[in-house]
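Q: fold the following.
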Amino acid sequence: MSYLVELIKPRTVGVREYETPEPGAGEVAVHTLYSGISAGTELTSYRGTNPYLEKHWDAEAALFLPGQATFSYPIDVWGYSEVGEIDALGDDTTGLEVGEMVWGMWCHRSSAVLPAERLVGHRLPENVDPLVGTFARVGAVALNAVLASGACVGETAVVFGQGVIGLLASQLLVGQGVEVIAVDMVPHRLELARKFGATPLSAATGDLGVAVRDLTAGRGADRVIELTGAYPALHQAIRVAGVDGTVVAAGFYQGPATALALGEEFHHNRVTLVSSQIGSLPPALRGRWSRERLHETVIRLCAGGRLDPLPLVTHLIPARRAAEAYELIDKPPADLLQVILDFRTPKRS
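A: Below you'll find the model as predicted:
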């Protein structure tokens, strides 16, 4: 038997068993080693604040509309940061081998059968820790936001929120010659940002708009990436941007935007506000980039030592104790960053 982690109702996580699947023609059976938890998107489902739980997302019209909600409890299709080992190949499956380590998205489940084509290019290099495979998706979110910012060598970028995605974004920006100012409330996160080459700035530091101008010879930030998903932080992100600066709103914002005052710096400084979401790429890049390329780039950068996610892993929790993991993320200790579910169990039953 295999098992999966499901959300039964808000703040109630369970584990459900199911028959271990067998691969058919052109399919691959994978047993999961690790699955990363998204402290942003998944937590909105855990808390019951995700708009998909209240409204219908019409993908064709690209609108949230009244009617039957897109998702309803129980939810077993969450989790999109998995790494595992190929256990078996179906008939007529080529290009993959039993025993290979692969990364991908198949939810928080101990076993999965996937079309082989979904794993093309998803082999984890032999020199890479399997835990790295759980960062393909969150790394892609960070990379997408960095690309959306348009940051250039020698510019100053401020990254609001030094959680997992923020720290990855800070590393990516530093690696391309951008001066990075990392903003957060948590000293542990700010220290990590400093080690990655960013200038740490506590969110509790007086007037952030003034502080950033003091650090940039009065110019303000060229680019700002906001990743907390909090409207007050988005307002501050707009304030720290210089005249004609760009702010990338990459957090998953919940509820009405009561903290924004768009008639102030946004209006007077002609700040460009850009949305970044992993469902698509910046318009100028769509001809040559894809979500798959984002994921593959993250893994390649990790394999080459140019992006290091392993210091962000703070909690490795057995998957059958997933309820404890989500409780921990819901009320995080100061040192919490990436929580990963550990599925390492006997391969087949």
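
Q: got the contact list for the most centrally placed residue in the chain?
A: The centre of the chain sits closest to residue 138, judged by Cα atoms, centre = their mean, with a distance of 2.7 Å. Going by Cβ atoms under 8 Å, 6 or more residues apart in numbering, residue 138 touches 36, 38, 81, 164, 165, 168, 338. From N, CA and C alone the C-beta is placed, and that goes for glycine too.

Q: go through the residues you listed and give me the one with the most neighbours.
A: Neighbour tally across these (other Cβ atoms under 10 Å): the maximum, 31 neighbours, falls on residue 168.

Q: let me know the pLDDT of it.
A: For residue 168, the pLDDT comes out at 98.

Q: surely it is in a helix?
A: Yes. Assigned with DSSP: H, G, I helix; E, B strand; the rest coil, residue 168 falls within a helix.

Q: excluding covalently adjacent residues, which one is nearest to it?
A: residue 142 (3.9 Å; Cβ to Cβ, 6 or more residues apart in numbering).

Q: mind listing what's buried along stretch 143-156?
A: Neighbour counts over stretch 143-156 (16 or more other Cβ atoms under 10 Å) mark 143, 144, 145, 146, 147, 148, 149, 150, 151, 155, 156 as buried.

Q: pLDDT on that stretch, on average?
A: 98.

Q: quick one: residues in contact with it.
A: 157, 165, 168-169, 172-173, 176-181, 215-216, 219, 221-225, 227, 246, 248, 250, 274, 276-278, 281-282, 285, 289, 294, 297-298.

Q: buried subset of the residues you listed?
A: By neighbour count, with 16+ other Cβ under 10 Å, the contacts of stretch 143-156 hold 157, 165, 168-169, 172-173, 178-181, 215-216, 221-225, 227, 246, 248, 250, 274, 276, 278, 281-282, 289, 294, 297-298 as buried.

Q: in helices, which of the residues you listed appear?
A: Among the buried ones among the contacts of stretch 143-156, the members found in helices (DSSP state H) are 165, 168, 169, 172, 173, 215, 294, 297, 298.

Q: next, the residue nearest to the centre of the chain: secondary structure please.
A: Put simply, residue 138 is helix when judged by three-state DSSP.

Q: the stretch 51-200 of the chain: strands as residue ranges?
A: In the stretch 51-200 of the chain, the strands defined using DSSP state E, counting those that start in this stretch lie at 56-58, 63-65, 82-89, 101-104, 111-115, 156-160, 179-184, 199-202.

Q: quick one: mean pLDDT over the longest one.
A: Predicted confidence along strand 82-89 averages 97 (mean pLDDT).

Q: give the other helices and strands that it contacts.
A: With contacts defined as 3 or more Cβ pairs under 8 Å, 6 or more residues apart in numbering; DSSP states H and E, the packing partners of strand 82-89 are strand 27-36, strand 101-104, strand 111-115.

Q: how about 10 Å then?
A: strand 27-36, strand 101-104, strand 111-115, helix 136-149 (3 or more Cβ pairs under 10 Å, 6 or more residues apart in numbering; DSSP states H and E).

Q: return the set of buried residues in whichever strand or helix holds residue 328.
A: Secondary-structure assignment from DSSP states H and E places residue 328 in helix 322-330. Across helix 322-330, burial judged by 16+ other Cβ under 10 Å covers 322, 323, 325, 326, 328, 329.
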